[in-house]
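In: Attaching a predicted model along with its sequence, questions to come.
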Amino acid sequence: MTAALQDDEIDYDYAISVAERAMRHMSQHRIPPTPENFRVWASYAQGAPASLKRTIDVLIGNKRAFDAQTNRDLSATFAESEPGAAGASQQLSAVVDAARAFLSTAIADNKSQMRTIGDAAGAVSNGADPKLLVESLVKELSKAATRASKLEQNFAASSRELDTIRHSLEKAEERSKTDMLTGLPNRRGFDEFLRLAQTAAMEKGDPLGLLLIDVDHFKRFNDDFGHNVGDQVLKLLGGVLKERVRENDLAARYGGEELIVVLPAADMNTCAAVAERIRTSIAEAKITRRASGEALPGITVSIGVAQFRPGEPAAEFIERCDNALYAAKSSGRNRVMTEHQLGSDLLAS
């Protein structure tokens, strides 16, 4: 989180007023005044970043309790440091220093040029040779044009360097949220997407679906054929999920052989249909051992499906989906089970 409050930009009274507002909010919602929580609520008190203020306003509007998990989620989502930022700080510092030097040179040159023009104006008043004055001014203007051209080139080079740094940071951020084996978002990428999807669902009143997918008898692939084959199975599943979800959905590797799909604006019937298409596609897929071409046993998955309840923590949402997955596996595997199909004991809030 890049806080709007900076020590070199504010006065003491303003800092105190922001701190007092933050503490009032934290007291009102019974939030422990830890450094991490205070950073979040000081930013909220200033209204920046806008995404943080919007998220907290929605949580308050839905009477969401700011428990320990919610506070950790907010702190993690709007963390101050981003992956790759530390490695780029020296580059950014060098670019800023260079830009400052360029500007200092330009200011000095402009002052020199203005003095020359002022001297020329005085010389005209004193009856100096107009021809010599014109030659002097033309020479000075030529120098100024050359300096301006060099300055423009330097700034263009700095701009390109900044673009390179920004691209590097974006790539580092993307890598930090990607599972290298499947190419899907990892747990960090999923957590961030789900938090934003929950906020959007509460704002718009839209449904939000979740699928939790587990490979049936995955240990058998690793034990009988080796971990390379197990990795191949997970890559296959990653490819199927990429093909079967919409552009605004998110399929991620949740951990081990479990994958998870977030389906914004999808009701239970839609989610169940998507889950069934995924299950069928995987069951029909063929996998062979790369080294020998040997055909391997078919792959099946069990899938649990759940719908978001406005205001509930992400952990509860995922737990209900996991209950449905457990029921699918207990019922014989290779099937889809929605939370609506479970017993009333599992549906209890």
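Out: Sure, I can see it. Note that this is a predicted model, so its numbers are computed, not measured.

In: And for Gly47, the neighbour number?
Out: Counted by other C-beta atoms under 10 Å, the residues lying close to Gly47 total 10. C-beta: built from backbone N, CA, C; applies to glycine.

In: Now it. Nearest residue, chain neighbours left out?
Out: What sits nearest to Gly47 in space, not counting adjacent residues and going by C-beta to C-beta, 6 or more residues apart in numbering, is Lys53, at 5.2 Å.

In: Tell me how far that neighbour lies from Val40.
Out: Distance, Lys53 to Val40, by C-beta to C-beta, to the nearest Å: 11 Å.

In: Between these two, tell me which one has more neighbours.
Out: Val40 (27 against 15).

In: part of a helix, is that one?
Out: Yes - counting by DSSP: H, G, I helix; E, B strand; the rest coil, Val40 is located in a helix.

In: For it, give its distance to Arg320.
Out: 27 Å.

In: Next: Gln232.
Out: To Arg320, Gln232 is 31 Å away according to C-beta to C-beta.

In: Those two: which is more packed in?
Out: It is Arg320, of Gln232 and Arg320, that has more neighbours when counted by other C-beta under 10 Å, with 24 against 20.

In: what about Val240, which helix or strand?
Out: Element membership for Val240, per DSSP states H and E: helix 227-244.

In: again with Arg253
Out: Arg253 is part of strand 250-255, with elements assigned from DSSP H and E.

In: can you pull the buried residues of that strand?
Out: Neighbour counts using 16 or more other C-beta atoms under 10 Å place 250-254 of strand 250-255 among the buried residues.

In: swap in stretch 257-267?
Out: 257-266.

In: mind putting the residues you listed in JSON lines, pLDDT and distance to Lys143 included?
Out: Output for those, formatted as JSON lines (pLDDT from 0 to 100; distance: C-beta to C-beta, whole Å):
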{"residue": "Glu257", "pLDDT": "89", "distance to Lys143": "70"}
{"residue": "Glu258", "pLDDT": "93", "distance to Lys143": "69"}
{"residue": "Leu259", "pLDDT": "96", "distance to Lys143": "66"}
{"residue": "Ile260", "pLDDT": "97", "distance to Lys143": "65"}
{"residue": "Val261", "pLDDT": "97", "distance to Lys143": "65"}
{"residue": "Val262", "pLDDT": "98", "distance to Lys143": "62"}
{"residue": "Leu263", "pLDDT": "98", "distance to Lys143": "65"}
{"residue": "Pro264", "pLDDT": "97", "distance to Lys143": "61"}
{"residue": "Ala265", "pLDDT": "96", "distance to Lys143": "63"}
{"residue": "Ala266", "pLDDT": "97", "distance to Lys143": "67"}
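
In: of all these, which two lie farthest apart?
Out: Glu257 and Ala265 (28.2 Å; C-beta to C-beta).

In: who's in contact with the helix holding Val240?
Out: Residues outside helix 227-244 that contact it (C-beta atoms under 8 Å, 6 or more residues apart in numbering): 179, 181-184, 213, 215, 218, 221-222, 251, 253, 257, 259, 261, 274, 277-278, 281-282, 285, 287, 289-290, 296, 299, 301.

In: Same check on stretch 267-275?
Out: Contact with stretch 267-275 is made by 207, 209-211, 213, 244-245, 261, 263, 266, 303, 305, 307, 336, 338, 340, as judged by C-beta under 8 Å, 6+ apart.

In: Which of those residues are buried, as a PyMOL select command?
Out: The buried residues among the contacts of stretch 267-275 can be selected in PyMOL (16+ other C-beta under 10 Å) with this line:
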select buried, resi 207+209+210+211+213+244+245+261+263+266+303+305+307+336+338
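
In: out of the contacts of stretch 267-275, which one sits closest to Leu74?
Out: Nearest to Leu74 among the contacts of stretch 267-275, counting by C-beta to C-beta, is Leu210 at 20.5 Å.

In: Give me the distance between the two termini of stretch 243-254.
Out: 18 Å (C-alpha to C-alpha, to the nearest Å).

In: quick revisit: take the contacts of stretch 267-275 and keep only those in helices.
Out: Under the assignment DSSP state H, these contribute Arg244 to helices.

In: for the contacts of stretch 267-275, which one is nearest Leu325?
Out: Lowest distance from Leu325 to the contacts of stretch 267-275 (C-beta to C-beta) belongs to Ile303, with 6.7 Å.

In: Show me where the protein has its strands.
Out: For the chain, the strands defined by DSSP state E cover 208-215, 250-255, 258-264, 301-307, 336-338.

In: Show me what the third one pairs with in its sheet, parallel or antiparallel.
Out: The reference is to strand 258-264. strand 208-215 (antiparallel), strand 250-255 (antiparallel) (DSSP bridges).

In: what do you get for the shortest one?
Out: Each strand pairing with strand 336-338, determined using DSSP bridges, is listed with its direction: strand 301-307 (parallel).

In: as a whole number, average confidence for the strand it pairs with?
Out: Averaged across strand 301-307, the pLDDT comes to 97.

In: neighbours around Asp224, how many?
Out: Residues near Asp224, counting by other C-beta under 10 Å: 12.

In: Domain-wise, how is the protein divided?
Out: Following automatic domain parsing, one gets these domains for the chain: 12-77, 85-176, 187-347.

In: For the protein, which segments count as helices?
Out: Taking DSSP H as the test, the helices found in the chain are 12-28, 35-46, 50-61, 68-77, 85-125, 130-176, 187-204, 218-225, 227-244, 268-284, 314-330, 344-347.
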